[in-house]
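K.L.:
starting from these lines, generate the structure:
(chains A and B, ligands or ions: 2)
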Amino acid sequence: MGYGMAKVLMKGAEAIAEAAVRAGCRFFGGYPITPQSEILEYLSWRMPEVGGTFVQCESEISGISMVYGAAACGMRAMTSSSGPGFSLLQEGISYIASAELPCVIANIQRYGSGLGDIFVGQSDYWQTVKNGGHGDYRTLVYAPNSVQETADLTQLSFEKAEEHRNPVILLTDASLSQMMEPAELPEMCGHDPDVPAWALKGKGDGTYKRHTSVMYSMADYDSYIAEKYRKIERSEQRWESIETDDADLILVAYGISARLCEEAVEISRGNGKKVGLIRPISLYPFPNDAFLDACPRHGWLCVEMTMLAQMAQDVAIACGMKQRVFDLGGGVGFFDTDTVLGAIEDIFSRRRKEVYGI
Amino acid sequence: MKCARPKILFADNKYCPGCGHGIVNRLIAEILEESGDDKKALAAFAVGCSSWMPDTFGVDCVQAQHGRAAAVACGMKRSRPECTVFAYQGDGDALAIGLSETMWAAIRNENITVIFVNNGNFGMTGGQMAPTTLAGQITTTSPGGRDPATTGYPLNVIEMMRTVDVAYLARGALTDPAAIRKTKSYIGRAFEAQRTQAGYAFVEVLSPCPTNWKMTPLDSLTHISKVVEAVYPLGEFADWKMKK
Ligand SMILES: Cc1ncc(C[n+]2csc(CCOP(=O)(O)OP(=O)(O)O)c2C)c(N)n1
Ligand code: SF4
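P.N.:
Ligands and ions are numbered 1, 2, ... in the order given. Okay, here's the model as predicted:
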């Protein structure tokens, strides 16, 4: 296909696939589920073209297990899923985190519990950000809000996964993966699987390497793991602040919801209401620093496509549990910019209840 | 007969006295060193009593999730086709929780070697019923003896694998030196299949678990030759060289 540096029109899911290839990913194992199947379809021809491996696995469990094996061998490896399939990945993600290996997982959210449905949703925030798997680990989570940012953050995910020897999750949703937008893809970069210190290639004449939970017998493991994630929390917060300096109300939204909120900020400003937006780009670590020193008169409005508030809890914590936090959610019923404007109006006229009633 | 311990076994194994795992570990270690494959060996160790292996078996390795060793091994082999990749699994791991990964590695005829230790129960967790538990066998979760009417019959996975195109299938035992030598030759051929890129190779080893069987080590061996082998016959069941 050979994209140049010019912008091309592509689907979000394809942007993930092509950006992964360009980031040096040469191993993909996964299982079809809407709305992420385009990633498999794309990589089924693209991986062989670049000498990489594509496996349509018997399940998501097998997919993440193959990624575990490939990552252990020094490969840049990835899987992707959604909803019930993402649930099945959790055991493997926990093992990979425990073995301190890098890999990238794309979670294309659909809405709902159980089988749920294939339309857009953001109801897997907690599962993705707060460890869906067992144990004492974290995964870095990036949430793009456009096809361009999807491509950029895919590449960043591979870099950060290696830098921190940790799984990284790219969290998007049905709309971002299905819609087409012009995007400029990163240039092709190479990756030599022999280079990483953790790469298994046979012990040769040296000593053998093992990827297992042996570190739990290290005397200073507790302080080691605490410092690993403290460092990530200090150095990896990413967000975008829009018109927050003088804001009387600050919206907080990630991904596709943030697009509506941007529009709501613009319209509100046009109507003389000082509204701003914080758009978390890293969800773990949550960009707490963005909230430092801000104390908008009317508080904060967390907008997310889930009816039972999830990210709102992180917003409340980021505000030290001392400020007013409202939420606007939607699950089966979508909200649009007008709904957001309605919520803003309610808050300005003190008609809306706080999410946790602090 | 070689008396020196293979270098791969750099520490004493941690199995119970009379356990078959120790012998199987040794056979694999000897084969890898005799062929020189130890230098490029990659192992996916299962969860079970084999979870001790990362502490005693010195080859590059991954501790796989319970049941997923075959899939982890596929990820490794496809990433490093030049390496000798094997999965080492118990019967709970490979046939209960991991039957899907086990069968699909065979169905895709992945070029890996799987060593499968059939000791008729879940050893590590205290002797619960496994897919391989014999009909009528008492375990901690079949206190009245395994009842095929409600729990199914003992699973002969080699019979399942014979229905798909794989390179090598064999079942051996550890009941006496002759049986051990034969099992070693099966394991050797399973690695040869991989070396010659013939495809998937699987060796089942009937193995004693005296601790959970509540038998002496010697009685365990007699039990295998008298009772277990009647359900799980020994021999080679697929051989890529015969196909040509
Ligand atoms: C997902 C999961 N479920 C259950 C367990 C507990 N568990 C550990 S080992 C084991 C069974 C091992 O039996 P087998 O595979 O037959 O190996 P053996 O110990 O007999 O060699 C179980 C159930 C686990 N570690 N992970
Ligand atoms: S419990 Fe059984 S299988 Fe495990 S080490 Fe002891 S004898 Fe061997």
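K.L.:
so which residue is dead centre in chain B?
P.N.:
Most central in chain B under Cα atoms, centre = their mean is residue B:116, positioned 1.6 Å from the mean C-alpha point.
K.L.:
which residues does it bridge with?
P.N.:
Judged by DSSP bridges, the bridge partners of residue B:116 are residue B:89, residue B:204.
K.L.:
next one: it from residue B:77, what distance?
P.N.:
Distance, residue B:116 to residue B:77, using Cβ to Cβ, to the nearest Å: 17 Å. The way it works is simple: take the backbone N, C-alpha and C, and place the C-beta from them, glycine included.
K.L.:
got it, and residue A:57?
P.N.:
Distance of residue A:57 to residue B:77, computed by Cβ to Cβ: 14 Å.
K.L.:
other SSEs contacting the host helix or strand of residue B:170?
P.N.:
Using DSSP states H and E, residue B:170 maps to strand B:168-173. Contact partners of strand B:168-173 among helices and strands, from 3 or more Cβ pairs under 8 Å, 6 or more residues apart in numbering or on different chains; DSSP states H and E: helix B:157-161, helix B:177-195, strand B:201-206, strand B:235-239.
K.L.:
most tightly surrounded among the ones you listed?
P.N.:
The highest mean neighbour count among the helices and strands packed on strand B:168-173, using mean count of other Cβ atoms under 10 Å in any protein chain shown, belongs to strand B:201-206: a mean of 28.
K.L.:
so which residues of chain B form helices?
P.N.:
B:20-35, B:69-79, B:91, B:99-107, B:148-151, B:157-161, B:177-195, B:210-213, B:217-223, B:229-231, B:240-243 (DSSP state H).
K.L.:
let me redo that: the stretch 201-350 of chain A
P.N.:
Using DSSP state H, counting those that start in this stretch, the helices found in the stretch 201-350 of chain A span residues A:221-235, A:255-270, A:311-318, A:337-348.
K.L.:
now check stretch B:139-157, is it near ligand 1?
P.N.:
No: Stretch B:139-157 lies out of reach of ligand 1 by Cβ under 6 Å from any ligand atom, never closer than 10.7 Å.
K.L.:
in that stretch, what counts as buried?
P.N.:
B:139, B:141, B:142, B:146, B:154, B:155, B:156, B:157 (16 or more other Cβ atoms under 10 Å in any protein chain shown).
K.L.:
which pLDDT value goes with the fourth one?
P.N.:
Confidence per residue is given as pLDDT, and for residue B:146 that number is 98.
K.L.:
do the same with the third one
P.N.:
We have a pLDDT of 98 for residue B:142.
K.L.:
repeat for the fifth one
P.N.:
Residue B:154 is assigned 98 on the pLDDT scale.
K.L.:
hmm, it is touching residue B:129, no?
P.N.:
No: using Cβ atoms under 8 Å, residue B:154 is not in contact with residue B:129, being 10.3 Å away.
K.L.:
the residue lying closest to residue A:172 once chain neighbours are set aside in helix, strand or coil?
P.N.:
Excluding the flanking residues, the one nearest residue A:172 by Cβ to Cβ, 6 or more residues apart in numbering or on different chains is residue A:108, at 5.4 Å. Assigned by DSSP: H, G, I helix; E, B strand; the rest coil, the conformation of residue A:108 is strand.
K.L.:
and residue A:108, what is it in contact with?
P.N.:
When contacts are counted by Cβ atoms under 8 Å, 6 or more residues apart in numbering or on different chains, residue A:108 touches A:13, A:35, A:36, A:39, A:80, A:81, A:82, A:172, A:173, A:174, A:176, A:177.
K.L.:
quick check: the fifth one vs chain B, distance?
P.N.:
Applying Cβ to the nearest Cβ, to the nearest Å, the value for residue A:80 to chain B is 15 Å.
K.L.:
give me the angle between the helix or strand hosting that residue and helix B:69-79.
P.N.:
Applying DSSP H and E as the criterion places residue A:80 in strand A:77-81. Calculated by axes from the mean of the first three to the mean of the last three Cα atoms, to 10 degrees, strand A:77-81 forms an angle of 130 degrees with helix B:69-79.
K.L.:
tell me the contacts of residue A:24?
P.N.:
Going by Cβ under 8 Å, 6+ apart, the list of residues near residue A:24 reads A:76, A:158, A:189, A:190, A:191.
K.L.:
6 Å instead?
P.N.:
Counting by Cβ atoms under 6 Å, 6 or more residues apart in numbering or on different chains, residue A:24 makes contact with A:76, A:189, A:190, A:191.
K.L.:
please apply the same query to residue B:110.
P.N.:
When contacts are counted by Cβ under 6 Å, 6+ apart, residue B:110 touches B:74, B:200.
K.L.:
ok so, going back, the helices of the stretch 201-350 of chain A: which one's closest to chain B?
P.N.:
helix A:221-235 (16.1 Å; Cβ to the nearest Cβ).
K.L.:
gap between residue A:73 and residue B:110?
P.N.:
Distance, residue A:73 to residue B:110, by Cβ to Cβ: 15 Å.
K.L.:
next one: residue A:25
P.N.:
21 Å.
K.L.:
residues of chain B that sit close to chain A?
P.N.:
Within reach of chain A by Cβ under 6 Å from any Cβ of the partner chain, chain B has these residues: B:39-42, B:54, B:58-63, B:65, B:68, B:71-72, B:74-76, B:78-80, B:83, B:100-101, B:104.
K.L.:
hmm, 8 Å instead?
P.N.:
Neighbours of chain A within chain B, by Cβ under 8 Å from any Cβ of the partner chain: B:38-42, B:44-45, B:54-55, B:58-65, B:68, B:71-80, B:83-84, B:100-101, B:104.
K.L.:
now a PyMOL select for only the buried ones of those.
P.N.:
To isolate the buried members of those in PyMOL, using 16+ other Cβ under 10 Å:
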select buried, chain B and resi 38+39+40+41+42+44+45+54+55+58+59+60+61+62+63+64+65+68+71+72+73+74+75+76+77+78+79+80+83+84+100+101+104
